[in-house]
Every structure is written in C-alpha cells, then in structure tokens.
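Engineer: for reference, the sequence and a predicted model appear below.
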Amino acid sequence: MSRIGAVLGGSAGNLVEWFDWYTYSAATLYFAPVFFPRGDRTEQLLQAAAIFAVGFFARPVGAWLMGRYADRVGRKAALTLSVTLMCGGSLLIAVTPGAATIGVAAPIVLLLARVFQGLSLGGEYGASATYISEMAGRRHRGFWSSFHYVTLIGGQLTALAVLIILQHLLPPSAMAIWGWRIPFVIGAGLAAVAYWLRRRLQESQSFVRAESEGSLGAGMRRLWREHPREVLTVLGFSGGGSIIFYVYTTYMQKFLTNTAGFSKEQATEISALSLIAFMLVQPLFGWLSDRVGRKPMMLAAFGGATLVTWPVMTAVASTRSAWVAFGLIFTAMMFQSCYTSISAVVKAELFPTAVRTLGVAVPYALANAAFGGTAEYAALWFKQIGLERGFYVYASALAAISFLVALAMKETRVHSRIIED
C-alpha cells in the first residue's frame, strides 16, 4: 500500500470513530427520555450527560490499555481493536430497548456501551496519531498528519449533518420513538467498513524495525522513568490546546445563544460554518509547519490564544451580526489551527518507537479529560455566579502555560525521534 493510501486509510477510520463519539451528544435530546423517563427534560438530559462524562473519563484508561497494546503488538492491531470497540458500543445503543421495556437495565446497558466507546476513543487518538505520523514521511509529515484533525472535525460535522437530515425526513414523533437509533446504526456500519479497511493497512516501518530489534514491551514505568520531560510537555500542550478547542467547537454554540443572544438556529449555523472553515485550513497549517517548523507554530497558537481569547469572547458577546461573530470566531480558530494541525505529529516526534503510542495517548487523554471535558461546565459555572469573564481569564491562563511549555521545547521537526521513512 502506498504511503498516501496508508495515511488516508488511518484517517478514514479516525473520522468514523469521532462520528460515533459525537452521535451520542447530537442525539441526546431524543433518546434521553427513552432511557431516563422520570423527571423533567432537564433532569433527563443531566442523567444522559452524566453517562457522557463517564465515557469521557474512560478515555485515559483506553489510552493506557490501547497504548500498551499498540507499542507491544502493533499500530495496525490497535487501530483494528479500537474501531471494533466503537462499532460494538454504537450497535449496543442502537438495539437496546428503553426503560419502559427493560427498566433500570436500559441505562445500565447505555453506560456499558458508552464505556466501550470511551475506551475505544482513548486508544484511537494515540494509535492513529502515531500511525499517521510514522507513515507520513519526513518531508511532508506535518501536512499529512494534519488530516488527523481534519477527520476529527469531520466526524463531528457528519454526526450533526446526519441528525439534521433525519429531522427533515422524519416527523418529530418518529424521531422520538425510533429515528434517533438510525445514526447509531450508521455509525456501527461505518465502523465495520473502517475495520475492513484497517485490516488491510500495512504496519509502520518504525514498529517493524523496533520489533526486529527486540526493543518493544516498554510500559508506563519506562515512559515516566526515561521520558518525564516529554510526558510533561504533552500534558502542557494538551491542557491549553484542549480547553481552547472545546471553547470554539462545542461551547461556542451555547455561548452564542445564552450570552450573545442569537437564536438557536443562528448559533447552529455560525458554529457549523466555523467548524467547516476550521477543518479546511488544517492541511494548510500542517504544510506550513513543514516549512517553518513545529515550535513557531506552537508559539503562535498558544501566544495567540492567550492574547485573543478575552477580546474575541467579549466582542462575540456584544455583536448582533452573525457574520461579525463568525469572523471573530474564525480568527481565533486560525490561531488554534497552528496547534491542532500538528497536534499529532509534534507529540509523536517526542518519543521513541517503543513508548510512542503511550507517550502520545496517556498524557493527552488525562489533560483532555481534566480541561477539555470540563470546559463547558467551567464556562457555565462562571456565568452562573455572575463572573462570566472569569472563564476568559481561566482559558487564557491555561493557554499561557502551554505557551511557556512550547517556549521550552526543542524543535521536533529537527530533533524528531521518528527516524524511519
């Protein structure tokens, strides 16, 4: 298989994984009453959100388990196992009867399915980021690895698009009874296709060489003992990177409605357009990193986020023009693209083959759960206590810490530990 085919094959599976992950949040309004019939809508949504959070915190566990598996058995094997778990989780949600039929077993099964998906996605990030980075080739590694985030954002947009199409095709009653199950069936089917594609991927030469040299079998103890600085670097990048990403890709829709006063329809359109533009510029910034290096890109991303978060959020809150809001959000996303486009490769280049997947996956998953998964809750908490701008300071401070981490890092394009092409 050609290098391009391998990279695209790995990326396609990544899109499917993120589609399945975001389908849960996209369809929650419809299935929450099915699994949690008691209480009002808010209580039902809260219970569904609690299970969503459990899935989120299963991701570090998945990162550890899948990271060890990928570094011992192979990237291809881990990618295949990851998408199998996601397929099983989606299919389980699609076929599970509601609480009216099986009682308390319904939310228990939903929880189990979401844990499967959390374990899967936790392993997916490290395995796919490592595989794509190892297969990309030295000259264009930044460009090709940018497709990791192209497909991540693409999965989120596809989940939203499927729901919108179903809302137009089916009456509300059908959506409430059975229509919400269709996206999960689609997700399971796409995961099966991704499994078939990944079974035909070739193993990366980095792993093959390490296997032939007998240097595999390392674990977390060796990772922390031999590479503490690299682990802390990934933690530092991922903290600021995660919160800024979730501010503009998930929380912004609610901010536009709850604070800026846009209608739900306007907020959805602005957010969707922003995500599309954000997705399309990733390869451009990945290509740029192959020319100027990773470190300048990271400094631009986190320095920019530190400086623009407060003024952008304040300006969005006060504008009544959808186009002005879009322009402000996209400006902030352009800075963020300097990080997201190379998020995979800059982490993979820090670690040797034997611990690369663990090194990429585990610190990222921990920081993502701590700061990305809590971003929306933190923003709403600051608003509830009347200090909404306190959240702008909080997000900017995390970005500033990431900037300092980037300032202290070596240029990984020059000092990359991915030495095989």
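Structural biologist: Arrived safely.

Engineer: need the pLDDT of residue 20.
Structural biologist: pLDDT for residue 20: 86.

Engineer: list the buried residues in whichever helix or strand it is part of.
Structural biologist: Assessed by DSSP states H and E, residue 20 sits inside helix 3-35. Across helix 3-35, burial judged by 16 or more other C-beta atoms under 10 Å covers 6-24, 26-35. Placement of C-beta: from N, CA and C, glycine included.

Engineer: how much space separates residue 106 from residue 31?
Structural biologist: 10 Å (C-beta to C-beta, to the nearest Å).

Engineer: oh sorry, the question was meant for residue 59
Structural biologist: 21 Å.

Engineer: what of residue 139?
Structural biologist: From residue 139 over to residue 31 (counting by C-beta to C-beta), the distance is 47 Å.

Engineer: for this structure, which spans come out with low pLDDT?
Structural biologist: 1-10, 41-42, 203-218, 420-421 (pLDDT under 70).

Engineer: right, and residue 99 touches residue 107 too?
Structural biologist: Yes: the criterion here is C-beta atoms under 8 Å, and residue 99 meets it with residue 107 at 6.8 Å.

Engineer: quote the end-to-end distance of stretch 34-49.
Structural biologist: 14 Å (C-alpha to C-alpha, to the nearest Å).

Engineer: burial check on the closest residue to residue 75 other than its chain neighbours, number of neighbours?
Structural biologist: Counting by C-beta to C-beta, 6 or more residues apart in numbering, residue 131 is the residue found nearest to residue 75 once chain neighbours are left out, at 4.1 Å. If you count neighbours by other C-beta atoms under 10 Å, residue 131 ends up with 34.

Engineer: what of residue 219?
Structural biologist: Residue 219: 15 neighbours (other C-beta under 10 Å).

Engineer: please apply the same query to residue 417.
Structural biologist: 16.

Engineer: and the gap between residue 159 and residue 17?
Structural biologist: Counting by C-beta to C-beta, the gap from residue 159 to residue 17 is 11 Å.

Engineer: same question, residue 71
Structural biologist: 19 Å.

Engineer: go on, residue 136?
Structural biologist: From residue 136 to residue 17 the distance is 19 Å (C-beta to C-beta).

Engineer: not counting sequence-adjacent ones, nearest residue to the most centrally placed residue in the chain?
Structural biologist: In the chain, the residue lying closest to the centroid (C-alpha atoms, centre = their mean) is residue 152, at 5.9 Å. Closest residue to residue 152 apart from its sequence neighbours, by C-beta to C-beta, 6+ apart: residue 18 at 5.1 Å.

Engineer: thought residue 150 was touching the one you found, still the case?
Structural biologist: No: proximity of residue 18 to residue 150 does not meet the contact threshold set by C-beta under 8 Å, at 10.7 Å.

Engineer: contacts for stretch 387-402, please.
Structural biologist: 236-237, 239-241, 243-244, 247, 259, 298, 301-302, 305-306, 309-310, 313-314, 371, 375, 378-379, 382-383 (C-beta atoms under 8 Å, 6 or more residues apart in numbering).

Engineer: next: stretch 404-421.
Structural biologist: 133-134, 137-138, 141-142, 204-206, 209, 232-233, 236-237, 289-290, 293-295, 298-299, 301-302, 345-346, 348-353, 356.

Engineer: with that, I have no additional questions.
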